[in-house]
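> here is a sequence with its predicted model. Questions after.
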Amino acid sequence: MAKVSVIIPAAGAGKRFAAKGNKIFQRIGDQPVFIRTLEAFTMRDDVCQIQLVVSADDMDPPALGAPGPFAWADPTVFGPILKEAGFSGLEWREAPVLLQVGETGEADPVTRAVAMLTRIGPAARRLKGQPEDVREALAERLAPALERYVEDGWVRMPGLVWVVRARA
């Protein structure tokens, strides 16, 4: 039997839905809609991976020191979690990558990159709930810094990812 990956888009605003708040969090009986949707796919033998895509607005920012995209960079934060899960011989190594920042669209690459960086990630968390003039001021300061990274219609910046090796 062929194996498939399932992507469940759940990042919409749900404007046509007649309830307050995002419809994926509304309950049918005792469970939120997204749990029922996930369960429908977890019971299938042909599904090997499920990705639930939600809006950054629907996610709470991680607590300081909590696991998250940047916690891997600090062995003192994530190391104990991996050790408690039974891993040993932990090694952290930096790996250089070229990050393509932005989304597809008609706008110029810097505008697309600024839109993405102010919508998701650390800057977006800091901007959440800020007045529009603060958001615009950051965008104005960010754009010139990104200009030098434009290449082939994209903002491409050098970055680092962490490779964590461990034994189970």
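Yep, that arrived.

> in the protein, where is pLDDT below threshold?
Low-confidence regions of the chain, defined by pLDDT under 70, span residues 13-14, 19-21, 56-72.

> for this structure, what spans make up the strands?
4-10, 27-28, 31-32, 47-54, 88-101, 150-151, 154-167 (DSSP state E).

> how about those in JSON lines, adding distance to residue 124 and mean neighbour count?
Any C-beta I mention is one placed from the backbone N, CA and C, and that applies to glycine too. JSON lines is the format used below for these (distance: least, CB to CB, whole Å; neighbours: other CB atoms under 10 Å):
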{"stretch": "strand 4-10", "distance to residue 124": "18", "mean neighbour count": "13"}
{"stretch": "strand 27-28", "distance to residue 124": "28", "mean neighbour count": "10"}
{"stretch": "strand 31-32", "distance to residue 124": "24", "mean neighbour count": "14"}
{"stretch": "strand 47-54", "distance to residue 124": "14", "mean neighbour count": "13"}
{"stretch": "strand 88-101", "distance to residue 124": "13", "mean neighbour count": "12"}
{"stretch": "strand 150-151", "distance to residue 124": "21", "mean neighbour count": "14"}
{"stretch": "strand 154-167", "distance to residue 124": "16", "mean neighbour count": "14"}
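
> ok, residue 52 - contacts?
8, 10, 34, 38 (CB atoms under 8 Å, 6 or more residues apart in numbering).

> farthest pair in the residues you listed?
10 and 38 (9.8 Å; CB to CB).

> scan the protein for its longest helix.
Identified as the longest helix of the chain according to DSSP state H is helix 132-147.

> and that helix with strand 154-167, angle?
90 degrees (axes from the mean of the first three to the mean of the last three CA atoms, to 10 degrees).

> show me which positions of helix 132-147 end up buried.
Residues of helix 132-147 classed as buried by neighbour count (16 or more other CB atoms under 10 Å): 138, 139, 146.

> what's the closest of these to residue 84?
residue 138 (38.0 Å).

> so the closest one is in contact with residue 118, correct?
Yes: judged on CB atoms under 8 Å, residue 138 makes contact with residue 118 at a distance of 6.6 Å.

> any shared contact partners between the two?
With CB under 8 Å, 6+ apart, residue 138 and residue 118 have common neighbours residue 127.

> which ones are touching residue 9?
residue 53.

> please redo it, this time with the cut-off set to 10 Å
Going by CB atoms under 10 Å, 6 or more residues apart in numbering, residue 9 touches 24, 51, 52, 53, 54.

> can you lay out the residues you listed as CSV showing distance to residue 157?
Converted to CSV, the contacts of residue 9 look like this (distance: CB to CB, whole Å):
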residue, distance to residue 157
24, 32
51, 25
52, 28
53, 23
54, 25
